[in-house]
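Engineer: When you get a sec, could you give me coordinates for this:
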Amino acid sequence: MKAEITLRCSTDADDLDLLEPLWGALQAHHAGVLPSLGDRTPPRSHAESWARRRERYEQWLSDDETFILLAEGPDGPVGYALVTVGAGYAGWRTGRLAELQTLSVLPQHRGDEIGARLLDAAWSRLEELGVDEMAITTALANVDSHRFYERHGFQPAFLLFYGKREKSEG
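Structural biologist: Reported below is the predicted structural model:
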């Protein structure tokens, strides 16, 4: 029997402490599918990565429309989504546009529909905010995430290129 998972919405920066192990699980997953960003850019340590992401989360949470969705089981959080809302694209007739900044589910709970529940809850909260468009960035090598988002009605729209300039000698 699977443990009952509840979802709750938060805008409280105090809840960020709950996200660190979930961020770590996502970073470990990313390291598995994309060990480096280009041939000269290795990943950050967990501590450095989390410190940088937490700072960004704090900045985003200063906006009244940013929210965290927490999936919690009897032993604590098992997944989360963090969503921001901003202006739409300049070149296309979009409305206000949400961005799913992070979606993470602990490895032992992947396949339990928690990601789908978090995504559905994000859409519900966005409906309350009058937002009906959402963008998501995912690593090119993370094909499981591509399939997940496509099953939920998303389609590829942009391709992000990454480069790192050679440092000149001298």
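Engineer: alpha carbons only for contacts and neighbour counts from here, please
Structural biologist: Will do.
Engineer: How about the lengthiest strand in the chain, which residues are buried there?
Structural biologist: The residue-count maximum for a strand in the chain (DSSP state E) belongs to strand 76-86. Residues 77-85 are the ones in strand 76-86 that count as buried (16 or more other C-alpha atoms under 10 Å).
Engineer: Tell me the strands beside it, with direction?
Structural biologist: Take DSSP bridges as the rule and strand 76-86 pairs in its sheet with strand 67-73 (antiparallel), strand 97-105 (antiparallel).
Engineer: for the first one, the distance to its chain's centre please.
Structural biologist: The reference is to strand 67-73. 12 Å (C-alpha atoms, centre = their mean, to the nearest Å).
Engineer: pLDDT (mean, whole number) over that strand?
Structural biologist: Mean pLDDT, computed over strand 67-73, is 97.
Engineer: do stretch 112-126 as well
Structural biologist: 97.
Engineer: and what of stretch 30-38?
Structural biologist: Here the average pLDDT along stretch 30-38 is 74.
Engineer: And the spatially most central residue of the chain, how close does it get to Ser168?
Structural biologist: By C-alpha atoms, centre = their mean, the chain has its centre lying nearest to Thr102, at 0.9 Å. Per C-alpha to C-alpha, to the nearest Å, Thr102 is found 36 Å from Ser168.
Engineer: Measure how buried Pro21 is and give me the count.
Structural biologist: Close neighbours of Pro21, defined as other C-alpha atoms under 10 Å, add up to 17.
Engineer: repeat for Ala71
Structural biologist: Ala71: 23 neighbours (other C-alpha under 10 Å).
Engineer: And for the one 3 residues further on?
Structural biologist: Applying other C-alpha under 10 Å, we find 10 residues neighbouring Pro74.
Engineer: What part of the protein, helix or strand, is modelled with the least confidence?
Structural biologist: Ranked by mean pLDDT, DSSP states H and E, the weakest helix or strand in the chain is helix 20-33, scoring a mean of 89.
Engineer: Helices along this protein, start to end?
Structural biologist: Per DSSP state H, the chain carries helices over the ranges 20-33, 46-61, 114-128, 143-151.
Engineer: right, so of those, which gets closest to Arg8?
Structural biologist: Closest approach to Arg8 among the helices of the chain is made by helix 114-128 (8.9 Å; C-alpha to C-alpha).
Engineer: Pull out the buried positions in that closest one.
Structural biologist: Neighbour-count burial for helix 114-128 [16+ other C-alpha under 10 Å]: 114-115, 117-119, 121-123, 125-126.
Engineer: Over to stretch 98-106?
Structural biologist: 98-100, 102-106.
Engineer: can I get those residues in JSON lines with distance to Gln155 and pLDDT?
Structural biologist: JSON lines is the format used below for these (distance: C-alpha to C-alpha, whole Å; pLDDT from 0 to 100):
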{"residue": "Ala98", "distance to Gln155": "15", "pLDDT": "98"}
{"residue": "Glu99", "distance to Gln155": "14", "pLDDT": "97"}
{"residue": "Leu100", "distance to Gln155": "14", "pLDDT": "98"}
{"residue": "Thr102", "distance to Gln155": "17", "pLDDT": "97"}
{"residue": "Leu103", "distance to Gln155": "17", "pLDDT": "97"}
{"residue": "Ser104", "distance to Gln155": "20", "pLDDT": "96"}
{"residue": "Val105", "distance to Gln155": "21", "pLDDT": "96"}
{"residue": "Leu106", "distance to Gln155": "25", "pLDDT": "95"}
